[in-house]
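Participant: This is a predicted model, with the sequence first.
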Amino acid sequence: EDFKTCDQATFCKRHRSISENTGYAVDFSTVQHSGAILTATLKGPENELSLKLTGLDGGRVRLQIDEPAGALRKRFIPEFALSGVQYEVPFDKVDVQSDYLTIHCGGSKAKVVIHQKPFLVDIYNGLNELVTQVNAAGKLKVEHFRAKMDGQEYPEGFWDESFKHFRDSKPFGSSSVGVDVSFVGFRHAFGLPSHADAFSLRSTVNNGEPYRLFNLDVFEYELDNTMALYAHVPYIIAHKKQRSVGFLWLNAAETWVDTRSSEDSKGMFRTMLNKVMADESQPRFDAHFMAEAGLIDLFFFVGPSSQDVQKQMAETSGVTPIPPLFAIAYHQCRWNYNDEQDVAQVNAGFDEWDIPMDVIWLDIEHTDGKKYFTWHPTKFATPKKMIEGVASKGRKMVTIIDPHIKRDDSYRVNKDAKDLGLFVKKADGTTDFEGHCWPGSSEYLDFFHPKTREYWAQQFAFDRYEGSTRDLHTWNDMNEPSVFSGPEVTMDRDAIHYGGIEHREVHNMYGMMYTSATYKGLVERTAGKDRPFLLSRAGFIGTQRTAAIWTGDNTAEWGHLRYSVPMLLQLSVAGIPFVGADVGGFFGNPDEQLLLRWYQAGAYQPFFRAHAHIDTRRREPWLFSDETREGIRDAIRQRYTLLPYWYTLFQEHNATGMPPMRPIFYEFPSDEALFTEDKAHMVGEALLVRAVVDKDATSVEVTLPSGENKDTLWYDWESGVERPAGLNHVDAPLQKIPVFQRGGTIVPTWQRIRRAASLMKEDPLTLIIALDKNGAAKGRIYLDDMETFDYKNLNNFCISEFSYATNSPKEAKITGKHADSNGAFKPVNWVERIEVRGVPSEPSKVISSRGLTLPFAYDRDARLLSIRKPGDFAGEDWTITLNF
Amino acid sequence: ADLPRGVPITESSFYKVAKEFKCLDGSLKIPFDQVNDDYCDCPDGSDEPGTSACPNGRFFCTNDGHSSMFIPSSRVNDKICDCCDGSDEWGSGVQCPNICHELGKATREENERKAVVARKGWAVRQEMARKGKDIKTENEVKVGPLTAERDDLVPTRDELEKKKKATEEAERTAKDEFRKKWEDERNQRKRVKSDEMFTQLDLNADGKLTLDDFANNPIFDVNKDGLVDETEAKTFLFNTEEADKEHFYAQMFDSIKIRLRAIEDEKRDEETDRGEDDLLADENKDAEEVEEDEYEETEDSESDEDKHLDVPPANDDEEYGTMPDYPEEIKTLSSEHEKAREEWQEVNSKVSDLDRQINDAEAYLNQDFGNDAAWAVLKGQCFEYNEDQYTYKLCPFDKAVQKEKNGYSETRLGDFTGWTGKEPRKYSEQMYEKGQQCWNGPQRSTKVIIECGEIDELVESSEPAKCEYQFVFRTPAACNNPDQPEPVHTEL
């Protein structure tokens, strides 16, 4: 009701109703190619378009369709969303046939076939398998810029459009674009975050609303719904047995995607498939992308594995810098902690109850009248002292900073921005855009203006942001942007940004531009020394380079807990790995069972923060029964135990793009029954988590994948006892989190849980080894100072690899190996204990790398071996020998 | 001196240097050199009192000069000074100064200060207890005589109530009779008038009023179209084709009278309007106005025609007169009733007042004012605390209130529901609940934390969660005998 349906967005209605091929053909006489680029002209009944194909490195292809040179207006390309230079690789060869072109991309990583008439593009992976098609259903449509002429007939809403009492003046008319993209041979596709919907994309064709991608501040969002939320990445990854393929729609305007999974080609996307595909019963996943403005700018990632696709996406849109350790620990937030005394009491409460906690957050009420960078004069009169008090226990603080600027001449930021002309303008291009938000009447900074980004970054300097210290980090909220008085609670589409760009062209990336300016400020305040932490609500392609995001204002209901898993998986596969959902649910009051189960789920999700609305009851863990408090404490402690593993996973992400929280099919690409799994997920390659997300459940069903060769072994994470692959009914009383370790893995842990993660950095490690069928396992650890950029600037890091190998029935060896000689960091962490799971018999002797006999304990029934105090350092080479 | 690190002297016997160490829970024996070797062997954590190796271990700080204490093992060598003697950071490289003497001194001073307060408070509390007992006794003593007095009065009251009812009844009967008689007379007069009008309307004098009689009579032309159509006529005939005198009197007379009065009013209004129009008259008096004038003339001629109909007075009272005063004998009955009512009321309010006093007294007797009744003194008093914007008020055993400083409105933050302190410190906390509903939220409530103080004062107010308030109230009534140890708080 508050938000548009496709029918209420006239461009969506027009594109969605296309039923015939729009009739474009390639004019072969215009085809030109050189190096990594091929261009041609497309001719259609409506207009002429220019096509550009670019070969990129690492199995990536970019295809752009634009108006030809001389168009009335230049279309916006969100280059800022990309990670920087996109390296081109010259084509190996271009073959021109009578009615099609074949382009062999560099290094035989991909192949593209362009059919002349009707226009159709086939994308092949490096194994020469057809994986993706463009315009197979002929839905290509580009509404070209034109001058409005009297007497001319235009489609509904072409020059002016209204929703509720809001009018969009559309001075340049409609300039929407759309095309269909199909994943051939794929039944399942994923991504298009963020929607409170299943992980596996549904079919929306003839079945409700298309997926909507338009960053909005949605009050109390609904589940099982394709409606738009706060953050969107127009990206799809399709997966079938052993193969994945990715697709990115680089467009920052409002986008709708109509989807359909079908068994054969005779559905809505009726095409010339017959010609290219003999097997008609092949499944396919069709996606019709429709955007209000911008370019048709398509990136194809041909895989062939999920890991490859993830890397290809990472090369395109970038990765998350390794977070400082505290950021992946537990965060305590509430709207609002009332005053400095309240903060001190919460800080002390965690110590009193011996519950680890790393960050205390302050929401909007900490400011003086919602003027960001200020403090409430009486409630937060001595912020520096307050932050130092929290930091004295090894903890950090976060304050909220939003992009709406209170309209108040006495507010420095407002005055500066006004003087420097840094605000977004109204449709007239000169008057500052004004809207209502938390402070009342506000103006909105234009982060597309380079001077705004510069100015904004400067505000985070310690001498500018009074009361801030290096222990204070930042939360960017309301950056969709949220405008209480605007259409759909956001900015008018005809508002004007720097360079005369209309808001409609850049809407979905406003929040990303904002966080990147904030991030710059946070980096610069310590001259590039400290790694900052930044949380954002809005998100887009590339947000991951500067911020973590969360799923926005959820509700204290079981359904919202349940949907946190698919929602975070959507974001993870789409390249945003540092994600979480408010533990406990933002709106409403969770009962103790729901709260506890939420903590348990959150402990195994990347961003782990409890948060609550101002109207809810207080929720600090010690306000509940002993049982609930102990359960919460235990869940948080489990998180802290695994921090070395999480930290290593974030480094892995940084290097390869792989998200720490990942769908099961990423690790088990052949277990088809688990492709659509919505309740279980992997943390890294070693742990499978099946949190309890249903009320009163005391056991859960979980299918442990058996792997390609049907020989994967599994162990209960807590007890180390083996679990069979396949369907398991697992006992899950209130205190239990069902987590399983995959055979063949080694997980580094910290067993000395202290009150904050920063105090554990130098603590000894316990390695948890789970053996596979061959009595082997491997794992790794990444270590550095966990707080500065020295790992990058000074190569101050250390990577070690661990392995367990059964060489003969008489001997096995456990080794640690310093794995990257570029790393200069010398960890002080020593290995205090090694636990081995699935050891078939008791060793006769365990000998350390220094030739000492190590004491050990063996549990014959559970087949667990525990080796006492090996004492080797994480960064050194060592071998422990087990004799049997 | 040989005590392993982190062990209190009281446990020294368990940590005597020997070949083996037995975990304190008896579960395991380990070589003694594994005590404090930075590896956790005992399930109860007892082998690592001085390191951070055991998740469930504890470290003892001697803290000479201050209170010694245990801290969790996880705080050993975590680079944060927890023990005031600095002993917990023996190996982290952090230099923790020994501040036990300063802290101890400060704590002793603080304790002394508190002790002074407690002593003074305790003295006051004993005074309060004495007063409280008096209040209780007073009320206890009151209840008996009050009840007796009440019970004495009740028969008199009941007797007077009977008398009051009897005189009331007599008065009403007489008045009703008188009124009915008068109304009968009045109706007869009205019937005469009705018959007169009937005759006037019965144009053809056939003793019946029919549609024909109406058709020619302009007073029934309600819509002023110059015609009396059937609908208009039937409106007045009240659903009959022809009316005799009986039907006319019963159904039609009143509405025709109203109609006639309405026509009269209209005429008067038109005359006034015309006067105003004259005032407004100016250069261009147009055709419309001329037409209007013509219309009015027509109407005038119509009203000329119905001159034979008497226009009734503006109301019935004017036409038939008002009821005369009650005669003297009835007036006598009225004053007798009034006297009886006053007599009853006087006694009845005495009884009610006694009931209230009994209730109040019983409330004192039933309320929990502590073992020594010291809290009783606070009932009926209120205490205020001023903050930036609001004044908070606590009336113990009654209510908690928030007042806007520059306004008059009070927000009720809850009514007293009971003591909620955890045993054995029951009297350290009170709850006030079911206050004003919050917008979009729960009903307001207030928790009152009670501390020992020299005088009664409200010293803090806060709102830890929306609409859940917390006060801190100090009173001598919460001071315990400083010469007796305080009850131990079992929670922590």
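Facilitator: Perfect, thanks for sending it.
Participant: any weak-confidence spans in the chain?
Facilitator: You didn't say which chain, so I picked chain A. Residues of chain A meeting the criterion pLDDT under 70: A:264-280.
Participant: let's do chain B instead
Facilitator: For chain B (pLDDT under 70), the answer is B:1, B:273-315, B:485-492.
Participant: Let me see the ranges of the helices in it.
Facilitator: B:100-201, B:211-215, B:230-237, B:245-247, B:253-280, B:287-305, B:316-320, B:328-366 (DSSP state H).
Participant: Just put those helices in CSV and tack on distance to chain A and mean neighbour count.
Facilitator: Where C-beta positions appear, they are placed from N, C-alpha and C, glycine not excepted. Formatted as CSV, the helices of chain B follow (distance: least, Cβ to the nearest Cβ, whole Å; neighbours: other Cβ atoms under 10 Å in any protein chain shown):
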stretch, distance to chain A, mean neighbour count
helix B:100-201, 16, 15
helix B:211-215, 57, 18
helix B:230-237, 47, 16
helix B:245-247, 61, 15
helix B:253-280, 44, 13
helix B:287-305, 43, 11
helix B:316-320, 57, 13
helix B:328-366, 32, 15
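Participant: Give me every residue in chain A lying close to chain B.
Facilitator: Applying Cβ under 8 Å from any Cβ of the partner chain, one finds that chain A approaches chain B through A:338, A:342, A:352, A:354, A:378, A:392-394, A:614-618, A:751-755, A:759, A:763-764, A:832-833, A:868-869.
Participant: what do you get if the cut-off is 6 Å, keeping everything else the same?
Facilitator: Contact residues (Cβ under 6 Å from any Cβ of the partner chain) of chain A with chain B: A:354, A:614-615, A:617-618, A:752, A:754, A:759, A:869.
Participant: Just the buried residues of the residues you listed.
Facilitator: For the residues of chain A next to chain B, a neighbour count by 16 or more other Cβ atoms under 10 Å in any protein chain shown gives the buried set as A:615, A:617, A:752, A:754, A:759, A:869.
Participant: out of the residues you listed, who's nearest residue A:330?
Facilitator: Proximity of these to residue A:330 (Cβ to Cβ) peaks at residue A:754, which lies at 12.3 Å.
Participant: Not counting its neighbours along the chain, what's nearest that closest one?
Facilitator: Nearest residue to residue A:754 in three dimensions, chain neighbours excluded: residue B:74, at 4.6 Å (Cβ to Cβ, 6 or more residues apart in numbering or on different chains).
Participant: can you check residue A:703 too?
Facilitator: residue A:727 (5.2 Å).
Participant: Quick check: that neighbour touching residue A:705?
Facilitator: No - here residue A:727 lies out of contact with residue A:705, judged by Cβ atoms under 6 Å, at a distance of 11.0 Å.
Participant: more crowded one of those two?
Facilitator: Neighbour count, other Cβ atoms under 10 Å in any protein chain shown: between residue A:727 and residue A:705, residue A:705 has more, with 24 against 10.
Participant: Phi first, then psi, for that one.
Facilitator: With angles defined as degrees, to the nearest 10, residue A:705 sits at phi -60, psi 150.
Participant: Please tell me how far the residue lying farthest from the centre of chain B sits from residue B:25.
Facilitator: Distance from the centre of chain B peaks at residue B:19, with 75.0 Å (Cα atoms, centre = their mean). Residue B:19 sits 20 Å away from residue B:25, going by Cβ to Cβ, to the nearest Å.
Participant: Repeat that for residue B:171.
Facilitator: 93 Å.
Participant: and the longest strand for chain A?
Facilitator: When chain A is parsed with DSSP state E, its longest strand is strand A:797-808.
Participant: could you say what helices and strands it packs with?
Facilitator: Helices and strands touching strand A:797-808, by 3 or more Cβ pairs under 6 Å, 6 or more residues apart in numbering or on different chains; DSSP states H and E, are strand A:777-784, strand A:811-818.
Participant: try 8 Å this time
Facilitator: Under the contact criterion of 3 or more Cβ pairs under 8 Å, 6 or more residues apart in numbering or on different chains; DSSP states H and E, strand A:797-808 touches strand A:745-749, strand A:765-770, strand A:777-784, strand A:811-818.
Participant: Residue A:734 reaches residue A:593, doesn't it?
Facilitator: Yes - the criterion here is Cβ atoms under 8 Å, and residue A:734 meets it with residue A:593 at 6.9 Å.
Participant: Could you spell out the sheet neighbours of the longest strand of chain A, each with its direction?
Facilitator: Paired strands of strand A:797-808, with direction, are strand A:777-784 (antiparallel), strand A:811-818 (antiparallel) (DSSP bridges).
Participant: Next, residue A:219: secondary structure please.
Facilitator: Following DSSP: H, G, I helix; E, B strand; the rest coil, residue A:219 is assigned to coil.
Participant: Leaving out sequence neighbours, find the closest residue to it.
Facilitator: Leaving aside its chain neighbours, residue A:219 sits nearest to residue A:553 (7.1 Å; criterion: Cβ to Cβ, 6+ apart).
Participant: Over to residue B:156?
Facilitator: residue B:347 (5.6 Å).
Participant: next one: residue A:388
Facilitator: Closest to residue A:388 by Cβ to Cβ, 6+ apart is residue A:469, at 7.0 Å.
Participant: Could you do residue A:787 as well?
Facilitator: Nearest to residue A:787 is residue A:324, by Cβ to Cβ, 6+ apart, at 4.8 Å.
Participant: mind listing what that neighbour touches?
Facilitator: A:530-533, A:786-787 (Cβ atoms under 8 Å, 6 or more residues apart in numbering or on different chains).
Participant: any chance of the residues you listed in JSON lines, with neighbour count and secondary structure too?
Facilitator: What follows is the contacts of residue A:324, written out as JSON lines (neighbours: other Cβ atoms under 10 Å in any protein chain shown; DSSP: H, G, I helix; E, B strand; the rest coil):
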{"residue": "A:530", "neighbour count": "17", "secondary structure": "strand"}
{"residue": "A:531", "neighbour count": "24", "secondary structure": "coil"}
{"residue": "A:532", "neighbour count": "25", "secondary structure": "coil"}
{"residue": "A:533", "neighbour count": "24", "secondary structure": "coil"}
{"residue": "A:786", "neighbour count": "23", "secondary structure": "coil"}
{"residue": "A:787", "neighbour count": "18", "secondary structure": "coil"}
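Participant: did I read that right, residue A:567 in a strand?
Facilitator: No - under three-state DSSP, residue A:567 sits outside any strand and is assigned helix.
Participant: For whichever residue of the stretch 251-400 of chain B sits closest to chain A, give its distance to residue A:379.
Facilitator: Across the stretch 251-400 of chain B, the shortest distance to chain A (Cβ to the nearest Cβ) belongs to residue B:388, at 6.5 Å. From residue B:388 over to residue A:379 the distance is 10 Å, taken as Cβ to Cβ.
Participant: is it true that the residue nearest to residue A:219 lies in a helix?
Facilitator: No - assessed by three-state DSSP, residue A:553 does not belong to a helix; its assignment is coil.
Participant: Next, count neighbours for residue A:323.
Facilitator: 26.
Participant: Skipping its backbone neighbours, what lies nearest whichever residue of the stretch 301-450 of chain A sits closest to chain B in space?
Facilitator: In the stretch 301-450 of chain A, the residue that lies nearest chain B is residue A:354 (5.5 Å; Cβ to the nearest Cβ). Nearest non-adjacent residue to residue A:354, counting by Cβ to Cβ, 6+ apart: residue B:72, 5.5 Å away.
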